[in-house]
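Student: take a look and give me a structure for this.
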Amino acid sequence: MAPRLEAPGRPWMETDLRAFPRDNHRYEVVDGALHVSAPLDDDHQQLVEQVATDLRSAVPPGWTVTGGVGVRAGGSYLTPDVTVLRPGSPKGGAWADPGDVALVVEVECPSSRRFDRSVKPGLYAEAGIEAFWRIERTSNGPVAHLYNRAAAGHYELHRSVNPGQCVTAELPYAVQIAPATWHA
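Tutor: Residues are numbered from 1 along each chain as shown. Model prediction:
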């Protein structure tokens, strides 16, 4: 029987996340409310790893490409699929401060599509993270939507990269994006 999770009688916090089971669900806190995503399928995990591999292939010295590192965003605690940390950022922690994060990547899945398209980008932008990539899984293959943070504090779509296209993304550093090479 799965453990019963009781609401703490106050807004959820980062410390509460440590008590959750390691059961492949994704537990995040958004403005004090708990958000739980279903376990991710193998295709999702494979696509995440392929995007991370491309980012690592071009990573300049001192930068770090990682998965599973949470990001503090005000009163929210989010876990992107891929996080790129700036040079000089603390390494090995479970949570990164937004000032240390140059890029977050979210790979959509059916159970998180709405969350990945509307809630998380707003929180990342408010936290000051410079770039956000949303990878959409379509019947024609993955599409990479690349967003840059505008002066007004929200993300603006810089470009979408479709299967069959290969472009160089400028943020957080120059890296080739070729969704046709990603298999989901």
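Student: need the next SSE after the helix ranked longest in the chain, C-terminal direction.
Tutor: In the chain, taking DSSP state H as the definition, the longest helix is helix 42-57. As assigned by DSSP states H and E, the chain's next helix or strand after helix 42-57 is strand 64-66.
Student: tell me what that next one is packed against?
Tutor: helix 42-57, strand 82-85 (3 or more C-beta pairs under 8 Å, 6 or more residues apart in numbering; DSSP states H and E). Where C-beta positions appear, they are placed from N, C-alpha and C, glycine not excepted.
Student: for the record, mean pLDDT for that strand?
Tutor: The average pLDDT for strand 64-66 rounds to 94.
Student: contact partners of it?
Tutor: Identification of contacts with strand 64-66 by C-beta atoms under 8 Å, 6 or more residues apart in numbering yields 52, 55, 56, 59, 82, 83, 84, 85, 89, 91.
Student: give the bridge partners for the closest residue to the fourth one other than its chain neighbours, please.
Tutor: What it means is residue 59. Distance criterion C-beta to C-beta, 6 or more residues apart in numbering; nearest residue to residue 59, sequence neighbours excluded, is residue 65 at 5.6 Å. On the basis of DSSP bridges, residue 65 is bridged to residue 84.
Student: mind checking how far residue 65 is from residue 79?
Tutor: 15 Å (C-beta to C-beta, to the nearest Å).
Student: low-confidence ranges, the protein, go.
Tutor: For the chain, the stretches flagged by pLDDT under 70 are 1-5, 184.
Student: deepest of the helices and strands packed on strand 64-66, which one?
Tutor: Highest mean neighbour count of these: strand 82-85, a mean of 25 (counted as mean count of other C-beta atoms under 10 Å).
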